[in-house]
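Novice: sequence? don't have it. structure:
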């Protein structure tokens, strides 16, 4: 995963961890994974045993190996209730579509599941065989992978529209819903989850499998936050540009204040805001000057090669279309490997333009506003001296900011932002000095504390002159947390007075 995508993932997962798992829907999600798998495994074992006794199990396969939504009607029928259900009634739909052959459909489903359970290393061949069968029509990954996940949870991921969308977005892939894509999707998903597992765990969500946690995050991102929904109020050119932005591959500046390609786009927007009649051609030198000016506003200084590289390489971002088009001069094909040589780039790519199909978005004030808003949303800038660091979310340790916000929100106290800033300042001071104290107050004989604040809840040792061996008398009785909460076993004390 590219660094910009990883930063975006951590930012979104932090919001998910703070807002969703402790809602009623989130709590239902947490317990549904294992209970659904347990019932699915039991269904599978019973059907296999019945089939080996020579019984007709076709009806049971379509009812108990395919996921159904939770409703009194489906429960009465004995259907398999699952957190990622099919739309409608797949058994009735299959019988209606193939009145003569529906039992053969059930047969190829059972064969696929049995082969995958017995020989998980044969998944590619099993999925290819299933997809080639005329009786597999209508059964895509969203219907089949829940039972694969139930019988082999460590091997097979859930693959529904939500999880596929998130895997594709963060991995830069284009997998579809067909079961033929599933083996590669499964491998890619496992690699992605392994890469972000530590971030997910440090943000302190309940103890469930990493794959389940990722699937739950995918459900929230797509179904609750609706992160990928297109804004129908936007024009088609604007929608295309915003989609291109979300797939932009970029890197962060060494001081962490900005991202290179997004900053080139923001510099271009600044030029257009200053001169709305600017033609659709932007010279290397004027873009470089605007880029340097923008970096200076953020408190950064940049070298020309830090501009020439993204200026040249942004032409390689072509999904869903190529927005950034260079004028090539003096060479047949420009050499990307020489992007760090400003003289070469300046000579052979003296200007750039925006693709004609989306130029109306850049040339209109509303379009520029939408581009700027989305660019800054995905790649937030860090302006030097804009505000004290304790008014910004804690970046390290991962998970501490989410737990701090959770404590304050549950306290129902006024001035929560100010209280959060006070705690952050104490934590940042502790991290900086590695000594005991609060807001700069030090005891006469300072004692060393651990250099890193633990990823658990903020504790009593953050209060003035206290140590972990001498907890303060609570000013109000702390409320016990649920055993499933990441704050369980970490009592904390909150002051009973409000900050005025």
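Specialist: It's in. Keep in mind it's a predicted model, so treat the numbers as computed, not measured. Residues are numbered from 1 along each chain as shown.

Novice: from here on, contacts and neighbour counts on C-alpha atoms
Specialist: OK.

Novice: which stretches of the stretch 51-200 of the chain have low pLDDT?
Specialist: Filtered on pLDDT under 70, the stretch 51-200 of the chain yields no residues whatsoever.

Novice: so where do the strands sit in it?
Specialist: Counting by DSSP state E, counting those that start in this stretch, the stretch 51-200 of the chain has strands at residues 67-68, 80-81.

Novice: list the contacts of the last one.
Specialist: Counting contacts by C-alpha atoms under 8 Å, 6 or more residues apart in numbering, the residues outside strand 80-81 that touch it are 36, 39-40, 63-70, 74-75.

Novice: now the buried members of those residues.
Specialist: 36, 39, 40, 63, 64, 65, 66, 67, 68, 69 (16 or more other C-alpha atoms under 10 Å).

Novice: which ones among the residues you listed map onto helices?
Specialist: Counting by DSSP state H, the buried ones among the contacts of strand 80-81 place 36, 39, 40, 63, 64 in helices.

Novice: need the max-distance pair from these.
Specialist: Greatest spacing in those, by C-alpha to C-alpha: 36 and 63 (14.1 Å).

Novice: burial check on the nearest residue to residue 216 once chain neighbours are set aside, number of neighbours?
Specialist: Nearest residue to residue 216 in three dimensions, chain neighbours excluded: residue 29, at 7.1 Å (C-alpha to C-alpha, 6 or more residues apart in numbering). Using other C-alpha atoms under 10 Å, residue 29 is surrounded by 19 other residues.

Novice: quick one: low-confidence ranges for the chain?
Specialist: In the chain, residues with pLDDT under 70: 1-4, 203-206, 230-235, 382-391, 396, 398, 412-415, 417, 431-500.

Novice: picking up where we left off before, now the contacts of strand 80-81 in TSV, with distance to residue 303?
Specialist: Shown next, in TSV, are those (distance: C-alpha to C-alpha, whole Å):
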residue	distance to residue 303
36	56
39	61
40	59
63	64
64	63
65	60
66	58
67	57
68	58
69	57
70	59
74	65
75	66
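
Novice: can you say which of the strands of the stretch 51-200 of the chain is nearest to residue 21?
Specialist: That would be, of the strands of the stretch 51-200 of the chain and by C-alpha to C-alpha, strand 80-81, which comes in at 20.7 Å.

Novice: partner strands of that closest one, parallel or antiparallel?
Specialist: strand 67-68 (parallel) (DSSP bridges).

Novice: got a list of contacts for the partner strand?
Specialist: So strand 67-68 is contacted by 74, 79-82, 84-89, 143, 146-147 (C-alpha under 8 Å, 6+ apart).

Novice: in ChimeraX, how would I select the buried members of these?
Specialist: Buried members of those can be picked out in ChimeraX with the line below, counting by 16+ other C-alpha under 10 Å:
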select :79,80,81,82,84,85,86,89,143,146,147
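
Novice: just put the contacts of strand 67-68 in CSV and tack on distance to residue 132.
Specialist: Below are the contacts of strand 67-68 laid out as CSV (distance: C-alpha to C-alpha, whole Å):
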residue, distance to residue 132
74, 30
79, 27
80, 26
81, 28
82, 27
84, 25
85, 24
86, 22
87, 23
88, 25
89, 24
143, 17
146, 21
147, 20
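
Novice: out of the contacts of strand 67-68, which comes closest to residue 174?
Specialist: residue 143 (19.4 Å).

Novice: who's in contact with the closest one?
Specialist: 66, 67, 85, 86.

Novice: give me that answer again for 10 Å
Specialist: Counting by C-alpha atoms under 10 Å, 6 or more residues apart in numbering, residue 143 touches 65-68, 84-87, 90, 158-160, 177, 179.

Novice: with residue 63 instead?
Specialist: 43, 57, 74, 77-81, 89-92, 106.

Novice: now tabulate those in TSV and tack on distance to residue 327.
Specialist: What follows is these, written out as TSV (distance: C-alpha to C-alpha, whole Å):
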residue	distance to residue 327
43	63
57	66
74	62
77	66
78	65
79	61
80	59
81	58
89	56
90	54
91	58
92	59
106	58
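
Novice: distance check, the nearest residue to residue 318 once chain neighbours are set aside against residue 355.
Specialist: Nearest residue to residue 318, sequence neighbours excluded (C-alpha to C-alpha, 6+ apart): residue 244, at 7.5 Å. Using C-alpha to C-alpha, to the nearest Å, residue 244 is found at 12 Å from residue 355.

Novice: would you turn the contacts of residue 143 into TSV with distance to residue 369?
Specialist: Conversion of the contacts of residue 143 to TSV gives the following (distance: C-alpha to C-alpha, whole Å):
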residue	distance to residue 369
65	49
66	46
67	44
68	44
84	38
85	39
86	40
87	38
90	45
158	38
159	36
160	34
177	35
179	41
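
Novice: now, which of the residues you listed sits nearest residue 167?
Specialist: residue 159 (9.5 Å).

Novice: okay, that closest one and residue 128: tell me how far apart.
Specialist: With distances taken as C-alpha to C-alpha, residue 159 is found 16 Å from residue 128.

Novice: in the stretch 1-150 of the chain, which spans are helices?
Specialist: 3-19, 24-52, 58-64, 72-77, 90-97, 102-118, 123-132, 141-151 (DSSP state H, counting those that start in this stretch).

Novice: oops, could you answer that again for the stretch 151-300 of the chain instead?
Specialist: In the stretch 151-300 of the chain, the helices defined using DSSP H, counting those that start in this stretch lie at 161-171, 182-202, 210-219, 236-246, 260-274, 284-297.

Novice: so which of those is the most surrounded?
Specialist: Here the criterion is mean neighbour count by mean count of other C-alpha atoms under 10 Å, and of those the winner is helix 210-219, at a mean of 21.

Novice: what angle do that one and helix 3-19 make?
Specialist: 90 degrees (axes from the mean of the first three to the mean of the last three C-alpha atoms, to 10 degrees).
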